[in-house]
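J.: Need coordinates for the below:
(one chain, ligands or ions: 2)
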Amino acid sequence: MMSSEKDRSEHIFVPRLTAKRWDHHIEQALFEEWRREGVFRFKSTKRGKPFVIDTPPPTTSGTWHIGAVASYSQIDMIARSERMQGNQVLFPIGFDRNGINVEIYVEKNSNVRMRDTPREQFIELCSAALDKLESQMTEIMMAVGLSGDYDQKYHTDHESYRKFTQSTFIELWKRGLVYETTRPNNYCHDCGTTIADAEVEYEDLPSSLAYVRFRVKETSDNLVIATTRPELICACRLVIVNPTDERYKDLHGLHAILPIYGREVPIKPHPSAKPEFGTGAVMICSYGDYTDVLLFRELGLTEVLAVGADGRLTNAAGIYQGETTQKGRSRILGDLSSQGLLEKTEEIKHRTPVCSRSNTPIEIIPMKEYYLKQMDFIPKLRHLAKRIAFHPDSSRQILLDWLNSVSIDWPISRRRVYSTEIPVWYCKKCGTPLVPPPGKYYRPWRDPPPWTKCSECGFNEFEGETRTFDTWIDSSVSALFISKYPSDIKFFKRAYPVSIRPQGKDIVRTWLHYSLLRCYQLTGRAPFSHVWINGLGMDEQGQAMHKSKGNVVEPEPLLEKYGADAFRFWDASEATLGSDFRCSEMRIAGAHKFVTKLWNLSRFISAFPQPRAVRLQPSDKWILSELSILVKQSLNGYYEFNFFVPATAIRDFVWETFASHYLEMVKPRAYGQGFSASQQRAAWYTLHTVLKTLLLLLAPITPFMPDYIWRQLYSKRSIHTECFPKPLWPKSYKRYTKRVVAFNREVWKVKKDRNLALRDSIEISIPKVLSPFRNDLAKMHSLQNPRPN
Ligand SMILES: [Zn+2]
Ligand SMILES: [Zn+2]
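T.: Numbering: from 1, shown residues only. Ligands and ions are numbered 1, 2, ... in the order given. From the prediction side, this is the model:
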């Protein structure tokens with residue numbers, strides 16, 4: 001064919017997608033369009049089970065981590081893919097606004113101390129900060145395309161939610177599942193409150209190990225004991241040595257005299273003493289670590305309160321009273337040294353429990369707190385965990401391991417202010433704690449109780465509780481709140497257990513565990529049918545991101561630069577479900593290339609008409625075989641909520657098969673260069689069929705560009721009102737794939753070796769097995785003598 005003839009035939013076809021490049025700034029206009037059209041509004045018919053997503057209400061306390069934005073994008077893929085399977089999807093958008101996080105944020109950013117600020121005023125500051133932070137988060141949610149129900153947002157600090165939290169507490173109180181007791185507890189001085197085991201982390205911190213001389217009373221010999229907490233010598237009740245430790249066999253049953261204090265304590269053999277640590281002799285005091293707690297309990301020792309709730313040494317510490325533990329430690333070391341009682345100090349790394357919020361080392365102090373019973377429920381929770389479907393399945397073990405390690409009931413009271421109040425008043429005469437009836441939001445630190453007389457003694461003065469709940473008390477009943485328990489029992493019956501609980505693996509021991517516990521206690525059933533556990537977002541090298549390391553990747557600039565589709569395609573294709581994933585601009589830029597490629601392909605195809613009935617050619621049947629396989633693979637990934645599967649399968653199909661082979665094979669036919677009208681129409685039909693199918697398959701992952709193209713080419717309605725495609729075409733032509741690919745590569749290689757352009761003609765014969773594709777291949781490669789040999 002003469003080149004002028006070719007040019008003419010190509011010029012007839014003008015792309016209906018006019019823009020040369022996809023401008024991702026259209027995304028926000030599309031998002032507004034979806035909201036106007038109500039595409040994502042939850043339309044609950046009266047019948048059938050809705051698909052309910054227990055969306056994690058994000059903690060509203062600062063900038064949003066890119067890993068979190070990526071996880072919410074995947075939760076959106078769950079919502080969109082379920083809609084495309086014909087389900088009524090309830091995808092609530094909530095915000096967890098209670099708790100220490102926002103209080104710390106306000107203390108830092110408003111330069112105030114919570115304890116020096118009137119409660120009412122501090123609450124105002126928190127509330128204002130939360131509104132600002134929430135609107136920033138909502139902007140990101142919309143920028144990334146979360147198809148949630150923004151008209152019905154919920155907030156854990158709203159009166160309706162706090163009322164609900166308090167009602168659930170009152171119910172459990174009445175059933176005897178709540179009790180108050182004094183018990184050694186993790187205490188963070190920085191946060192000024194007790195914290196649960198689930199919120200304690202361990203760090204290897206540099207520490208001094210002091211070798212201190214105790215005197216053995218009966219022999220007057222020295223007994224050297226190594227400790228990282230010499231300021232707790234005043235709280236020592238016992239010295240232990242390992243029963244097998246030959247060095248100390250003679251000391252069993254004797255007594256040690258505490259240096260500085262002169263008090264005597266017994267020396268006993270106990271297997272908890274590790275011969276290899278320090279000198280092998282260990283002082284047991286209240287409380288240096290959890291071993292101390294266990295031994296005090298086991299041996300019935302009387303505790304000495306050495307550290308107060310203010311983090312300072314008490315009068316039990318004698319001359320060191322009032323010092324911080326740090327300062328007290330250095331003073332006592334100085335005194336021991338000057339009295340010749342300090343043998344040496346060693347610098348070591350010590351595994352130290354720290355507060356997961358403020359990162360400060362925690363103390364173990366006896367505190368009076370409310371507890372929710374959980375030990376009795378652990379076997380039942382283990383049973384439920386085995387019956388719930390986990391995605392990936394392996395993540396169930398994270399929960400089971402945690403359940404196996406839980407050793408005490410859940411301390412639920414906190415000495416903070418911006419949280420749901422514990423609804424209890426105390427009679428000023430007899431001290432009885434009294435709870436109000438459920439159904440109202442109570443603030444006992446501010447308001448009088450809803451009664452005038454003590455039900456026990458008839459007295460008429462009361463003191464309101466000032467403490468609040470651990471914030472997980474609120475968020476652990478989100479599944480019940482969104483299924484309208486107990487206000488709309490009809491809906492609740494259809495919606496509960498909710499369909500899926502999506503969350504990160506970092507909050508399995510908190511949110512997942514507490515949700516199972518609380519919802520089971522309240523309803524006798526598991527709260528969800530599926531649990532979906534995503535990995536965590538790491539930096540480019542696979543390291544956790546920290547401001548101090550300078551490796552934090554901010555999501556907003558990347559969304560602005562590459563658009564939500566590119567961000568989300570990166571997100572889905574970066575790692576398989578459950579694995580940690582790496583966040584970097586380079587990787588998102590890579591996904592952007594795929595989005596661009598898809599636009600270019602679509603634009604090319606948009607130039608051709610869309611015939612209805614055609615007689616397919618073998619090349620068409622071949623690519624439709626491959627397309628059927630792609631549809632099946634992608635749907636299987638969607639059914640497993642693992643978006644890595646469709647994303648990578650679609651990417652491979654587009655790059656490796658469709659664009660590089662089929663498209664090149666049918667270009668001449670689509671342009672009508674040397675083919676019959678019927679053959680030409682078959683190419684048009686197939687190109688559009690592949691494109692439509694790709695757009696539908698991609699819609700949950702990259703919701704924007706596919707919808708734009710869909711509306712330009714195929715429908716007046718949004719692609720997000722459509723259902724997934726089905727694998728309609730026979731897969732028999734799949735057997736040709738390897739041969740077709742190999743033949744094309746071979747021709748390209750020969751042309752390259754001979755310095756020929758791709759359009760230059762060449763003499764290569766087509767293998768017999770590929771004879772069905774002869775016409776397309778001959779045109780594609782300008783083969784001179786294409787007869788099979
Ligand atoms: Zn703390
Ligand atoms: Zn009373």
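J.: mind showing which ranges of the protein have poor pLDDT?
T.: 1-11, 785-789 (pLDDT under 70).
J.: Spell out which residues of it are next to ligand 2.
T.: 427, 429, 430, 432, 454, 456, 457, 459 (CB under 5 Å from the ion). Where C-beta positions appear, they are placed from N, C-alpha and C, glycine not excepted.
J.: which residues does the first one bridge with?
T.: In other words, residue 427. Bridge pairing for residue 427 (DSSP bridges) gives the partners residue 462.
J.: Next, find the distance separating it from residue 438.
T.: Residue 427 is 20 Å from residue 438, where distance means CB to CB, to the nearest Å.
J.: For residue 532, pull up the helix or strand it's in.
T.: Residue 532 is part of strand 528-534, with elements assigned from DSSP states H and E.
J.: Quickly run through the sheet partners of that strand, with directions.
T.: strand 389-391 (parallel), strand 498-504 (parallel).
J.: going on from the helix or strand containing residue 160, what's the next piece of helix or strand?
T.: Using DSSP H and E, residue 160 falls within helix 159-174. Next in sequence after helix 159-174, counting helices and strands by DSSP H and E, comes strand 178-188.
J.: Could you check the angle that next one makes with helix 159-174?
T.: 120 degrees (axes from the mean of the first three to the mean of the last three CA atoms, to 10 degrees).
J.: Tell me if I'm right that residue 523 and residue 477 touch.
T.: No - here residue 523 does not reach residue 477: they are 10.0 Å apart, not a contact under CB atoms under 8 Å.
J.: Between those two, tell me which one has more neighbours.
T.: Remark: of residue 523 and residue 477, residue 477 carries more neighbours, 26 against 18, as counted by other CB atoms under 10 Å.
J.: who touches that one in this structure?
T.: Counting by CB atoms under 8 Å, 6 or more residues apart in numbering, residue 477 touches 164, 165, 168, 515, 518, 519, 522.
J.: export those to a markdown table and tack on distance to ligand 1 and neighbour count?
T.: Formatted as a markdown table, the contacts of residue 477 follow (distance: CB to the ion, whole Å; neighbours: other CB atoms under 10 Å):
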| residue | distance to ligand 1 | neighbour count |
| --- | --- | --- |
| 164 | 27 | 24 |
| 165 | 22 | 26 |
| 168 | 26 | 22 |
| 515 | 23 | 25 |
| 518 | 23 | 28 |
| 519 | 28 | 27 |
| 522 | 29 | 19 |
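J.: Based on its surroundings, how many neighbours for the closest residue to ligand 1 within the stretch 1-150 of the chain?
T.: Relative to ligand 1, the nearest point of the stretch 1-150 of the chain is residue 100 (7.0 Å; CB to the ion). Residue 100 is flanked by 28 other residues according to other CB under 10 Å.
J.: Of the contacts of residue 477, which is the nearest to residue 676?
T.: Checking these against residue 676 by CB to CB gives residue 515 as the nearest, at 64.1 Å.
J.: so what's residue 760 up against?
T.: Residues near residue 760 by CB under 8 Å, 6+ apart: 751, 782.
J.: I'd like to know which elements the top strand by length along the chain is packed against.
T.: Longest strand in the chain by number of residues (criterion: DSSP state E): strand 200-216. Counting by 3 or more CB pairs under 8 Å, 6 or more residues apart in numbering; DSSP states H and E, the packing neighbours recorded for strand 200-216 are strand 222-227, strand 255-257, helix 325-338, strand 342-355.
J.: closest to ligand 1 out of the ones you listed?
T.: Of all these, strand 342-355 sits nearest to ligand 1, with 3.1 Å by CB to the ion.
J.: For that closest one, which residues meet the burial criterion?
T.: The neighbour-count check on strand 342-355 (16 or more other CB atoms under 10 Å) flags 342, 343, 345, 350, 352, 353, 354, 355 as buried.
J.: tell me the contacts of the first one?
T.: When you say that, I think you mean residue 342. Residue 342 sits next to 210, 211, 212, 213, 333, 336 when contact means CB under 8 Å, 6+ apart.
J.: What segments of the stretch 651-789 of the chain are helices?
T.: 663-671, 677-698, 704-713, 737-753, 774-781 (DSSP state H, counting those that start in this stretch).
J.: Would you quantify the distance from residue 180 to residue 258?
T.: Using CB to CB, residue 180 is found at 33 Å from residue 258.
J.: okay, the two: which has more neighbours?
T.: Neighbour totals were compared for residue 180 and residue 258, and residue 258 leads with 20 against 12 (other CB under 10 Å).
J.: thought that one was touching residue 237?
T.: No - the criterion here is CB under 8 Å, and residue 258 misses it with residue 237 at 9.9 Å.
J.: Next, show the common contact partners of these two.
T.: Counting by CB under 8 Å, 6+ apart, the residues touching both residue 258 and residue 237 are residue 265.
J.: Check the buried residues of strand 342-355 and tell me the two furthest apart.
T.: Longest span within those, CB to CB: 343 and 355, 32.9 Å.
J.: centroid residue for this protein?
T.: Taking CA atoms, centre = their mean, the centroid of the chain lies closest to residue 504, which sits 2.3 Å from it.
J.: thought that residue was touching residue 531?
T.: No - Residue 504 lies out of contact with residue 531 (CB under 8 Å); the separation is 11.7 Å.
J.: how about the strands of the stretch 551-700 of the chain, start to end?
T.: Using DSSP state E, counting those that start in this stretch, the strands of the stretch 551-700 of the chain run over residues 581-582.
J.: With residue 534 as the reference, measure out to the residue in it that ligand 1 sits nearest to.
T.: The minimum distance from the stretch 551-700 of the chain to ligand 1, using CB to the ion, falls at residue 552 (21.4 Å). Separation of residue 552 from residue 534 (CB to CB): 19 Å.
J.: Which one's more surrounded, those two?
T.: residue 534 (27 against 14).
J.: So the more buried one is in contact with residue 504, correct?
T.: Yes - Residue 534 lies in contact with residue 504 (CB under 8 Å); the separation is 5.6 Å.
J.: joint contacts of these two?
T.: Common contacts of residue 534 and residue 504 (CB under 8 Å, 6+ apart): residue 71.
J.: out of the contacts of residue 342, who has the most neighbours?
T.: Most surrounded of those: other CB under 10 Å gives residue 212, at 27 neighbours.
J.: Could you measure from it over to residue 43?
T.: Residue 212 is 72 Å from residue 43, by CB to CB.
J.: for residue 231, same thing?
T.: 64 Å.
J.: So those two - more neighbours on which side?
T.: residue 231 (25 against 10).
J.: Enumerate every residue touching the residue lying closest to the more buried one once chain neighbours are set aside.
T.: Using CB to CB, 6 or more residues apart in numbering and skipping the chain neighbours, the partner closest in space to residue 231 is residue 328 (4.1 Å). Shown in contact with residue 328 (CB under 8 Å, 6+ apart): 231, 313, 317, 320.
J.: Go again with 6 Å.
T.: By CB atoms under 6 Å, 6 or more residues apart in numbering, residue 328 lies in contact with 231, 313, 320.
J.: Just give the number of residues close to the last one.
T.: It refers to residue 320. 24.
J.: so which of the strands paired with strand 528-534 is the most packed in?
T.: strand 498-504 (a mean of 22; mean count of other CB atoms under 10 Å).
J.: Alpha carbons only: can I get it in PDB?
T.: Extracted in PDB, the C-alpha atoms of strand 498-504 (Å, rounded to 0.1, in the frame of the first residue of the first chain):
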ATOM      1  CA  VAL A 498     -21.700  -6.800  59.700                       C
ATOM      2  CA  SER A 499     -20.100  -8.100  56.500                       C
ATOM      3  CA  ILE A 500     -16.500  -7.100  56.900                       C
ATOM      4  CA  ARG A 501     -14.100  -5.500  59.400                       C
ATOM      5  CA  PRO A 502     -11.200  -4.000  57.500                       C
ATOM      6  CA  GLN A 503      -8.200  -2.800  59.500                       C
ATOM      7  CA  GLY A 504      -4.400  -2.600  59.800                       C
END
